[in-house]
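Participant: Next come a sequence and a model predicted from it.
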Amino acid sequence: MKNLTTDGTDFTEARKDYGKPGKPRNTGLRELRKLSSCLSIKPMAMWSSMKIASSVSLFRRRPPILLLAVFIAIPSLGQNPLRTGLTMGFGDVPEIKKKAEAGNAEAQVTLGNVLAAHFRRSEALGWYRKAAAQGNIDAEYYIGEMLLFGGYGDSTNAVQPNPVEGLRWTFMAATNLNPAAYYNMSRALRQGLGTSADPVAAYAWLILLSETPTRAHLARLEINEMALRISTADIERAKNLAAQFKAGYWQRLVARVIPEGDSHLKLTGVAFGMKTPQAVINGKTMSEGESATIALKAGTLRLKCLKIQKDSVMISIDGEDQPRVLRLHR
């Protein structure tokens, strides 16, 4: 059986016969998609579940073995559709809502989870924020995840991604030892969500995840895959960084609306022949102290020119904690 990939190709091939002669080749994948939809499971969670099941040959059988594999992995990602389903089926939702409205942080998180499971994501986010204001770490994690990746819902209840804010909440939860937040920190650093991509730091967060009692299996799968893509020297650096994390010395978070070095943000010219130096950034001519709005494919950036040098310019971008330097490429 082949290993799984993020696009599901090998999974489809591995299950092409799905145990019975004549069964359509895409039936297994279609059933899995239906299962994912019913459980409101995000694609990454489902993908990790499939990988786990593949590693122990669970896909040679039909559900409920597959279903069991899904529920093994989902708590590892901080999502628990089984718990939410039990709350809806057997829990006292009116009582939970009453406690949430009275200010009980745990009830607020539970109510948020129930609302999120019903695609009322913006309402869920509001309850998570109330709980987080009381210091609830699970709420910090849920806010971070929803803002990092966005939350599907109808036109009034969807939550648009805000990776910078999402990363800040995720970092807060992770540095308060929330294992699910470890995983999302690794994802953000691998993908460059809300910060610049940093595979060494991403690997370090996975090392922390691998040392948690219920999530080691997921972390090991991810570590093994990352080890094929980064150098041995970087792996050693990641191990040293993880040791610092465990000692309580957290790497400073550098929020980035757009990753460092992104080709869509360019310094294209510097001029010193006038009364004041000027820089040209994405077609906008700016002097020191001036601000401008830059149009990008993904949206707009509001930036301020801080310092102009011979071949570089220091700028600040709204939403970022620290200035950055753009260099002139001739």
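Facilitator: Structure's in. What do you need? Numbers count the residues shown, from 1 in each chain.

Participant: Low-confidence bits of the stretch 51-200 of the chain, can you list those?
Facilitator: Where the stretch 51-200 of the chain drops to pLDDT under 70, the residues are 51-91.

Participant: Now do the helices in it.
Facilitator: Ranges of helices within the stretch 51-200 of the chain are 65-73, 81-90, 93-101, 105-117, 121-132, 137-149, 163-174, 179-191, 199-210, based on DSSP state H, counting those that start in this stretch.

Participant: Then the stretch 201-330 of the chain?
Facilitator: 216-227, 232-246.

Participant: quick check: angle from the last one to helix 199-210?
Facilitator: If you take axes from the mean of the first three to the mean of the last three C-alpha atoms, to 10 degrees, helix 232-246 sits at 50 degrees to helix 199-210.

Participant: Going forward, count from 720.
Facilitator: In the new count, where the first residue is 720, that last one comes out as helix 951-965.

Participant: related to what we said a few turns ago, out of the helices of the stretch 920-1049 of the chain, which one sits most buried?
Facilitator: Across the helices of the stretch 920-1049 of the chain, averaging neighbours per residue (mean count of other C-beta atoms under 10 Å) puts helix 935-946 on top, at a mean of 17. To be clear about C-beta, it is placed using only N, CA and C from the backbone, and glycine gets the same treatment.

Participant: In terms of secondary structure, what does that helix contact?
Facilitator: When contacts are defined as 3 or more C-beta pairs under 8 Å, 6 or more residues apart in numbering; DSSP states H and E, helix 935-946 sits against helix 762-774, helix 898-910, helix 918-929.

Participant: same thing but at 6 Å, please
Facilitator: Packing partners of helix 935-946 (3 or more C-beta pairs under 6 Å, 6 or more residues apart in numbering; DSSP states H and E): helix 918-929.

Participant: Next up, the contacts around the residue lying closest to Ala921 once chain neighbours are set aside.
Facilitator: Using C-beta to C-beta, 6 or more residues apart in numbering and skipping the chain neighbours, the partner closest in space to Ala921 is Leu908 (3.8 Å). The neighbours of Leu908, taking C-beta atoms under 6 Å, 6 or more residues apart in numbering as the test, are 917, 920-921.
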